[in-house]
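# Quick one: sequence plus predicted model below, questions after.
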Amino acid sequence: MSLKRRQFNYHRYLAESPGSKPWGLAVTAAGRQAVEPGASYPPAGHPADHAFSWAKGRVLGACQILFVTAGRGEFESRATGRQPIKAGTALVILPAIWHRYRPDPASGWVEHWVELRGAVVENLRREGILSPERAIVPVERRLELEGLYEGVHARLATTKALVCDPERAALGLQILALASGVSERREATRSISAAIGQAERLMADTLERPATIPAVARGLGVAYSYFRREFKRHTGLSPHRYMNRMRLEKARRLIGATDEPLKAIADRLGFSSQYHFSSAFRRHFGLSPSAWRKSAEPGSPST
């Protein structure tokens, strides 16, 4: 192994300090390792409570986040099964979860890792933001994440490293946010929310020449089944029921504000017949279209 690689490789473990408790998070260990192709793994020198073999695997008492920046390998846990790992992947390993991982002997890999302890980890796990099923995370902002790891290394790979270091904990929290994929999931949520809002506007603008719901989904570039499920989750109604409600609301406005015949209103809004229109109107509003029109006449008692 080259001198440069030996200097690159390090690991450091510190005790958890009571002074870290108010901050909710502590980085208690970290390291980086350039594993040569064919080299034994994991390397020697780790404490007994962190060392493991592929044959046995291990269970940790803390959260460990490992980021592979080069090479490839594999990861296995009971929640994920055995999965291939490539460069740009983070492994978010939660406490009390059996797991094992290793680089491919043909490629080796470069890894950065941190160990996190504190209430923040348990809170995120309780809220479902962290879970054993989402242990394998493709990272979009790779250079940013690697820079955060280097910030931790700079504060920990020194003899002057503090046991309680809030600034190191802040870096650990940023690593946790990026490596958990929460930013990407929120961006996906924002994207589908925007698509649902666009669909609502499109439906409102085309009530008299309504597009089919699959056509609306296609226009937004969203799979129909996914669109239908997310639309109901956001609005509480299926797209079809939402469209019908909007048509009936517009029909009620037209009946109350114009003298347009009921049959013409039914035709304009795409109802198959005046009977179908009247039946749907009564179910939704509790009275017939003609009764609603009568209630809107001057001098009629309010309904």
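Done, it's in.

# next helix or strand past the top strand by length along the chain?
Ranked by residue count under DSSP state E, the longest strand found in the chain is strand 63-77. Downstream of strand 63-77, the first helix or strand assigned by DSSP states H and E is strand 81-86.

# contacting residues around that following strand?
Counting contacts by CB atoms under 8 Å, 6 or more residues apart in numbering, the residues outside strand 81-86 that touch it are 68, 72-76, 91, 101, 109, 136. C-beta coordinates here come from the backbone N, C-alpha and C atoms, glycine included.

# strands paired with that strand, and their directions?
Here strand 81-86 is paired, per DSSP bridges, with strand 63-77 (antiparallel).

# Tell me where the model's unsure across the stretch 201-303 of the chain.
In the prediction, the stretch 201-303 of the chain carries residues with pLDDT under 70 at positions 210, 298-303.

# Tell me if residue 198 really is in a strand.
No - secondary structure assignment (DSSP: H, G, I helix; E, B strand; the rest coil) places residue 198 in helix, not in a strand.

# give me every residue that touches it.
The neighbours of residue 198, taking CB under 8 Å, 6+ apart as the test, are residue 220.

# Distance of it relative to residue 222?
As defined by CB to CB, to the nearest Å, residue 198 lies at a distance of 10 Å from residue 222.

# What is the burial count for residue 154?
12 (other CB atoms under 10 Å).

# And residue 221, by the same measure?
Summarising burial for residue 221: neighbours were counted as other CB under 10 Å, giving 8.

# Which residue, other than its chain neighbours, is closest to it?
residue 195 (7.9 Å; CB to CB, 6 or more residues apart in numbering).

# Assumed the one you found was part of a helix.
Yes - for residue 195, which was evaluated using three-state DSSP, the result is membership in a helix.

# Check whether it really touches residue 223, as I assumed.
No - under the criterion of CB atoms under 8 Å, residue 195 lies out of contact with residue 223, with a separation of 11.1 Å.

# Which one of the two is surrounded by more residues?
Counted by other CB under 10 Å, residue 195 and residue 223 do not tie: residue 195 has more neighbours, with 21 against 13.

# That'll do, ta.
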